[in-house]
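Student: let me see the structure of the following:
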Amino acid sequence: GSMVIEHYNGGITEFLGDGFLALFKVEDDKEKSKKTVYNSHDSAKFLINEALPVINEILKKRYALAALEIGIGMAYSKAIVTIVGREPNIHPKAIGECVYRASKLSDGKNQIRIDDRLKFLWPKSKGGKLKFNPFSKSEIDFKAYEIARK
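Tutor: Sure, this is the predicted structure:
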């Protein structure tokens, strides 16, 4: 996962059990922010469509295990990234509403879910190939969407 995130100009700040928190820096420049939104989505899409089938094939052949499923939650807000802990046990920590929101959206099965703020930031294009289906569950207190192909 970390190689994929780095390839799309993101960074992983935390490994959380069987998942991770990746951040992508959104610039004030509209063209740069457009590229960042596409990069974040492309990394998620690659993990689900390309990396996961390879991993599942290995797990099946080597260990006769059932296929894994992943859920990806994506959200937009300002965040603080800082170093916490004491030497020699220091690590980066991200603090922001986007972390909360993304974690609430990450329990899908091979799905990418986004919050309303990221949807608002999403570049609009004529003939776009994605649609944003409204998504809700009792645990979330904000608007959310599942990304699907048209």
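
Student: now residue 67. Its backbone dihedrals?
Tutor: When read as degrees, to the nearest 10, the backbone of residue 67 gives phi -70, psi 140.

Student: for it, which residues are in contact?
Tutor: Residues near residue 67 by C-beta atoms under 8 Å, 6 or more residues apart in numbering: 56, 59, 60. Any C-beta I mention is one placed from the backbone N, CA and C, and that applies to glycine too.

Student: rerun at 6 Å
Tutor: By C-beta atoms under 6 Å, 6 or more residues apart in numbering, residue 67 lies in contact with residue 56.

Student: for this protein, what spans make up the strands?
Tutor: Ranges of strands in the chain, per DSSP state E, are 11-16, 19-23, 71-74, 80-86, 89-95, 111-115, 130-135, 144-149.

Student: so for the nearest residue to residue 68 once chain neighbours are set aside, what's the pLDDT?
Tutor: Residue nearest to residue 68 in three dimensions, not counting chain neighbours: residue 56, with 5.9 Å by C-beta to C-beta, 6 or more residues apart in numbering. At residue 56, the model reports a pLDDT of 96.

Student: for the residue lying farthest from the centre of the chain, phi and psi?
Tutor: Within the chain, residue 87 marks the point farthest from the mean C-alpha position, 29.8 Å out by C-alpha atoms, centre = their mean. Here is the backbone geometry of residue 87 (degrees, to the nearest 10): phi -50, psi 140.

Student: okay, now residue 8: neighbour count?
Tutor: Neighbour count of residue 8, defined by other C-beta atoms under 10 Å: 19.

Student: residues contacting it?
Tutor: When contacts are counted by C-beta under 6 Å, 6+ apart, residue 8 touches 39, 42, 43.

Student: which phi and psi does the nearest residue to residue 79 once chain neighbours are set aside have?
Tutor: Spatially, and ignoring its direct neighbours in sequence, residue 79 is nearest to residue 96 (2.9 Å; C-beta to C-beta, 6+ apart). Phi and psi for residue 96, reported as degrees, to the nearest 10, are phi 170, psi 160.
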